[in-house]
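would you be able to build a 3D model of this:
(2 chains)
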Amino acid sequence: MNASELLGAVGAALLRERMANASESDGLARFILDRLTGHQVAAVVQALLLDSETARKIKIAVPRGLVADLDLPPEVITDERTVALRHAECDRPALLLANSDDDQGASLQDVTLLGAKQLTEEPRLWVEAAALGLGLPESQIETWQAALGGLSAAEDWTLHQVSNYVELTRRSIAEESKPLLEALGWALPALQLPRDSGYFLTIRARDQVLATRWKKLFGKLVTDRRPLLLKQRPPRQVIEAEELRTQFEAVRDDIPPAAHATIEAFINAPPSWRDEAAALAELEWEADGVLQIFSGLRQKKTSLAEETIQFFEFELPDRLSNVEKESPARRKMQSRPSAESCEPCCATSSDRAQSPGSICPWINAHAVSGQSSPQPASPTTRIRQMRVAEQNRNWGVNFGRRSPGLGGQNCTPKHSWSRTMRGFSKPDAAPRGAFGDHGGEAAVQSCRGLPFSSITPMSRFLFVGAVRQIGPKRGMTAVWPPPSAQPVIGATTR
Amino acid sequence: MEVLAKPFGYEDRTGPEMWIDEAIWGHRLHDEQSPWLTLLEFLCVLHAENGQTRALTEPRLNELSYKPQTQLRLRNLLFNNPHITTVLASDRSDEVMWATWLPLMAENAGGLDRPSFSYLRDRFETFQDFASVVSFLQSSAIEGGSNKRWSSKFVFPFGTSALYEDVSVTATGVATDRRFFARTGEILYLMLCRSRRAAELRERLERRILKVDAPYDGLIRALQGDVQFARQERAGAYLPCTSHPTFDQLAEDWIAILDLQIPAYDAIPHIVTMTGFHLILYQLQRAAEVLAQAHPISMVCEIVSPKRSVVRDLSADSFQGNNALPQQAVERFIREIAATPQWRAALQSDEPGPNAAELLSKSFDWPDLDNAEEAQGQPNELLEELVRRAIVRHKQHVGKVHATWARLIGLSSRRASRRVRYAPTDRLLKTLVVCCVARRMEFKDFLILLYDRYGLVIGDQQARGFIDAGAADQEDFSDNARRLEERLASLGLLKRLSDSCAYVENPFQRSAQP
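Here you go, the predicted structure:
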């Protein structure tokens, strides 16, 4: 059974179910194969014709232009316009038409549609068709259905991809006697994902029938691995061919020689889905060493400053002056001072007060006060402040089990409560951190209630920093969350 | 692929360090020169050449030389005039305000040998009137609100007096540093010169822009006084091909816009958008020619949908693929030399290194043969080093043109996604309708036209390749087209007469006779 026959079987089964649900009092049951390709329509019609009982009950009339040269019997092909057939006399209880979304498409929307979405969202029918003759136990059937349910929930797949995935899974079970979980991983190239037979083996037995669990696993594959085949890191940063080449050279000896040519072809190919990427997807993720080509690539870390600059470059070019652009960049440089450079002069607060002219940015009180968004005075303070920020995030969590009699209480987790109480009497104290003692909070205050356009870029930058530190929830509720500002917030708080 | 010889009649000491991007696309495409600035540079060239009665004609290939206006008095008044606000705020008598402002202005003005603005007193009845005119022109300026230097801000091209080149004004004088007029406007001028409909276009540009006595242009003349020209001619423009389908289509689109019954200043924004679009297409098509791609350039456009879809992914892939094309072209262009008989001869010679260096220098202007350190090495090492340097250089500006300009003209977006994709904005859609639809056109024909002319893939008929390959279902693209239909209807650009009959209408031709 190939993918096309599988698709036909699912379409025919879906039609049979719909027809069975329709009562005679409803009159003629009209169905339309909605915006499917000629091959897909032909596959469904051929599957229906194989079922003589159903074929007797349904009149089939598909446009000649759609299925020409596809070996369908002449009695199911029509030269009439589909809208004319829609209300024509019919001597059978059901009528099946096909819509290629030509000029009649808009007029045919009220007929019961059987399109790609309706077909892909029926995991039970796919498994019934694919499991035919495999002799799988009921538990495996349930697992397969849950897997396909999770698959369609995780991403928008095309009918072609789903039918090929199911067909490859079936082939793996039938021809190579693989267990279902392994076959599901082996068939992943049909979804433009790298093959990984062992990927689903870690799923616990009791989770195997949970579509939500499968959705999570497929979602992770889509997020983490699919971009790699397009030469992108998961956050969609482009991977240069040179990076891949260097990494491949470093791990070449650990990769089976048989895979080298495929990998080299992939590295030299342009970054898009093409034959080279498809060939790489056919290699096993772990056994063939595909994982190793990508595992050494370090993600380019982007700081808030860089993201802010990128945001303004993309959304509001020319809005930032050179001075403003330099400021976050300088902050980026200062965000990780080396311990050696700070240690000798960061000892005590009195030292700090006595050395206003010091070159160390962390202790120079005068310099700090002169900055547009001053850094906190010492690294120790920064650590404490980060702890406070963490407390703020946890503050107010309902730990119901602690006071069963009262039905739970709002408190802070124990592991940090005592430390918070000892160090800081007010858990909701103003958050401080990389943006200084007051920089972020001041920005929040200065932005309160103002329209987005009237706030200077630098205030927006500081505001975003503040939101990032005090948590999106507090940041968003503390001040205005104008819709136009949300891309910044989304970009910096993820 | 046609690549004209590098012009040797013009010596530029600060010119390109290697001749690779320039040989493929011309001298030069530059990401920091926005489509607006490109049009302004083009108009500068056009006006200067029109003064010599040779507008849009090119007697000899790549020998363009013109003397642009500088209009420094006007620019000082509009963009280097901080005192006008304080003087106006003092709210004193007209006489006192003039007397206070004139010396301050003369002291502050840059780039003028003998700054004097006293002529303005004869041209404006009151200081208040003068300030209002300045304020109006500032508010309609191009790049007026940006943080660019004052000498890189431009008056909206109401007329020929508003045209001037970008310069750098420093204490040492006025210099043309090509910071924002980086010759992309010159490329545009040469493209239109070499289009088949150059003569028709010239007639329209003269009638609509160059020879119009626009009232706003009169205001600008009043501020500027006598016209100021650059001291030297500007030469060195280069476009590598004598003809290209993009040139003809560009001219056709300009003509379609200029033929609309709307004021020229309303037509100019549409011209800017289409210019940006065609320059992107030109860059991609030339890259595809270098790479000998069999299929034409296409751009899968997502009409923004509320949730993630197959079309969104394909659109982002399409953007990424196109964005990578120019860099691949640069690499291929260089490596092609390894297949030439000259290269093989150099390899087989007694001194392969120096001979290969000489060949590379002759072909790509790199390495500098006088620089022993740069020119030494084995042929393959030299070639690899050239590729590396060329790519680094390409990434700085030319490699960013596609992404930057697509965003600027509203062709690409990151809305609701982390990936940039082709997702046309309402502004671009309106320009496409204005440019492509003569009066009205059936919606499906409009989609076909967008695909045939510009390679825009929106509906299922245009996406047949993706559907047949199983990368998308027909309904994905069919829904995409439906969203466009709704968008156009909401913009007043589409009318649905019945279930099967939706027409795209040009809003500026609606009342015209069929």
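
now the nearest residue to residue B:261 once chain neighbours are set aside: how far from residue B:271?
Closest residue to residue B:261 apart from its sequence neighbours, by CB to CB, 6 or more residues apart in numbering or on different chains: residue B:508 at 6.3 Å. (C-beta placed from N, C-alpha, C; glycine too.) Separation of residue B:508 from residue B:271 (CB to CB, to the nearest Å): 14 Å.

now name the helix or strand holding the residue in the stretch 151-300 of chain A that chain B sits nearest to.
Residue of the stretch 151-300 of chain A nearest chain B, by CB to the nearest CB: residue A:160 (2.8 Å). Residue A:160 belongs to helix A:159-176 when elements are defined using DSSP states H and E.

between residue B:508 and residue B:271, which is the more surrounded one?
Each of residue B:508 and residue B:271 has its neighbours counted (other CB atoms under 10 Å in any protein chain shown); residue B:271 has more, 22 against 19.

that one contacts residue B:39, correct?
Yes: between residue B:271 and residue B:39 there is a contact under CB atoms under 8 Å: 6.5 Å.

thinking again about what came up before, pull out the buried positions in the helix holding residue A:160.
Buried residues in helix A:159-176, counting neighbours by 16 or more other CB atoms under 10 Å in any protein chain shown, are found at A:159-174.

cool, and stretch B:282-299?
Within stretch B:282-299, the residues that count as buried by 16+ other CB under 10 Å are B:282-291, B:297-299.

out of these, which is nearest to chain A?
So of those, ranked by how close each gets to chain A (CB to the nearest CB), first place is residue B:291, at 8.8 Å.

what about the helices in the stretch 251-400 of chain B?
B:264-290, B:310-335, B:341-348, B:352-364, B:372-375, B:379-396 (DSSP state H, counting those that start in this stretch).

quick check: the closest residue to chain A within the stretch 51-200 of chain B vs residue B:7, distance?
Relative to chain A, the nearest point of the stretch 51-200 of chain B is residue B:146 (3.6 Å; CB to the nearest CB). According to CB to CB, residue B:146 and residue B:7 sit 33 Å apart.

near chain A, which residues of chain B are found?
For chain B, the residues in contact with chain A (CB under 8 Å from any CB of the partner chain) are B:143, B:145-148, B:308-310, B:317, B:320-321, B:324-325, B:328, B:407-408, B:414, B:418-419, B:444, B:460, B:467-476, B:478, B:499-501.

which residues in the stretch 201-350 of chain A form helices?
A:211-224, A:226-229, A:241-251, A:260-268, A:275-282, A:290-295, A:304-315, A:322-334, A:339-342, A:349-354.

any residue of the fourth one up close to chain B?
Spelled out, it's helix A:260-268. No: judged by CB under 8 Å from any CB, helix A:260-268 stays clear of chain B, getting no closer than 10.6 Å.

list the contacts of that helix.
With contact meaning CB atoms under 8 Å, 6 or more residues apart in numbering or on different chains, helix A:260-268 is reached by A:241, A:244-245, A:248, A:252, A:255, A:276-277, A:279-280, A:282-283, A:289-290, A:293.

how does chain A divide into domains?
A:3-119, A:123-224, A:226-295, A:305-493 (automatic domain parsing).

and the first one with chain B, contact?
Yes: under the criterion of CB under 8 Å from any CB, domain A:3-119 makes contact with chain B via A:34-37, A:100-101, A:103-107, A:115-117.

kindly write the ChimeraX command that selects the buried subset of the residues you listed.
Here is the ChimeraX command that selects the buried residues among the residues of domain A:3-119 next to chain B (16+ other CB under 10 Å):
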select /A:34,35,36,37,100,101,104,105,106,107,115,116,117
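
the residues of domain A:3-119 next to chain B in helices, which ones?
Using DSSP state H, the members of the residues of domain A:3-119 next to chain B that fall in helices are A:116, A:117.

among the residues of domain A:3-119 next to chain B, which pair sits farthest apart?
Pairwise distances across the residues of domain A:3-119 next to chain B peak at 22.7 Å for A:103 and A:117 (criterion: CB to CB).

what sits against residue B:68?
B:44, B:45, B:47, B:48, B:163, B:164, B:165, B:229, B:230, B:234.

which one of those is nearest residue B:252?
Looking across those and measuring by CB to CB, the closest to residue B:252 is residue B:45, at 20.6 Å.

the closest one: how many residues sit nearby?
By other CB under 10 Å, the residues close to residue B:45 number 26.

distance check, it against residue B:433.
Distance, residue B:45 to residue B:433, by CB to CB: 30 Å.

where does the stretch 201-350 of chain A have low pLDDT?
Residues of the stretch 201-350 of chain A that meet the criterion pLDDT under 70 lie in A:235, A:298-302, A:313-318, A:322, A:325-350.

mind redoing it with 90?
Scanning the stretch 201-350 of chain A for pLDDT under 90 picks out A:230, A:232-243, A:254, A:270-274, A:294-350.

do the same with the stretch 201-350 of chain B
The stretch 201-350 of chain B contains residues with pLDDT under 90 at B:211-215, B:232, B:294, B:306-309.

great, nothing more from me.
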